[in-house]
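Undergrad: no sequence for this one, just the structure:
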């Protein structure tokens, strides 16, 4: 679900400081635990791990590396999952998983 970009911007400029001073969140989305931020400089995925949720992986994909993207919308009211795929010229994206179809694809 989409969350308020201004709240996410304030959060990640203060605790923890993840965003650069000149970087701002344009869109923010939150799943059950994970978040995806579309900023002025990059796509930032926050992968909450572990039972307690205290361990987090931050995956940063600069916009300059993105070559293509794809979106798969939900099929019906029973199928609420949507997907966004991003293809980059990066050889390896940390945290994207070894089971990905293509090393440059990130889902």
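TA: Received it, and whenever you're ready, just let me know what you need. All values reported here derive from a predicted model rather than from experimental measurement. Numbering: from 1, shown residues only.
Undergrad: Tell me where the protein has strands.
TA: In the chain, the strands defined using DSSP state E lie at 2-3, 25-30, 35-39, 42-49, 55-62, 66-72, 83-88, 105-106.
Undergrad: So for residue 14, which of those strands sits nearest?
TA: strand 25-30 (12.7 Å; Cβ to Cβ). To be clear about C-beta, it is placed using only N, CA and C from the backbone, and glycine gets the same treatment.
Undergrad: For the closest one, give me every contacting residue.
TA: 1-9, 12, 19, 35-40 (Cβ atoms under 8 Å, 6 or more residues apart in numbering).
Undergrad: give me that answer again for 10 Å
TA: 1-13, 19, 35-40, 43-46, 82, 84 (Cβ atoms under 10 Å, 6 or more residues apart in numbering).
Undergrad: which of those count as buried?
TA: When neighbours are counted using 16 or more other Cβ atoms under 10 Å, the contacts of strand 25-30 contain these buried positions: 5, 8-9, 11-13, 19, 35-39, 43-46.
Undergrad: pLDDT below threshold where in this protein?
TA: Low-confidence segments of the chain, defined by pLDDT under 70, are located at 92-107.
Undergrad: give me that answer again for 50
TA: Applying pLDDT under 50 to the chain picks out residues 99-104.
Undergrad: Near residue 68, how many other residues are there?
TA: The tally of other residues near residue 68 (other Cβ atoms under 10 Å) stands at 10.
Undergrad: wait, it sits on residue 88?
TA: Yes: using Cβ atoms under 10 Å, residue 68 is in contact with residue 88, at 8.8 Å.
Undergrad: what's the closest non-adjacent residue to residue 35?
TA: Excluding the flanking residues, the one nearest residue 35 by Cβ to Cβ, 6 or more residues apart in numbering is residue 46, at 4.3 Å.
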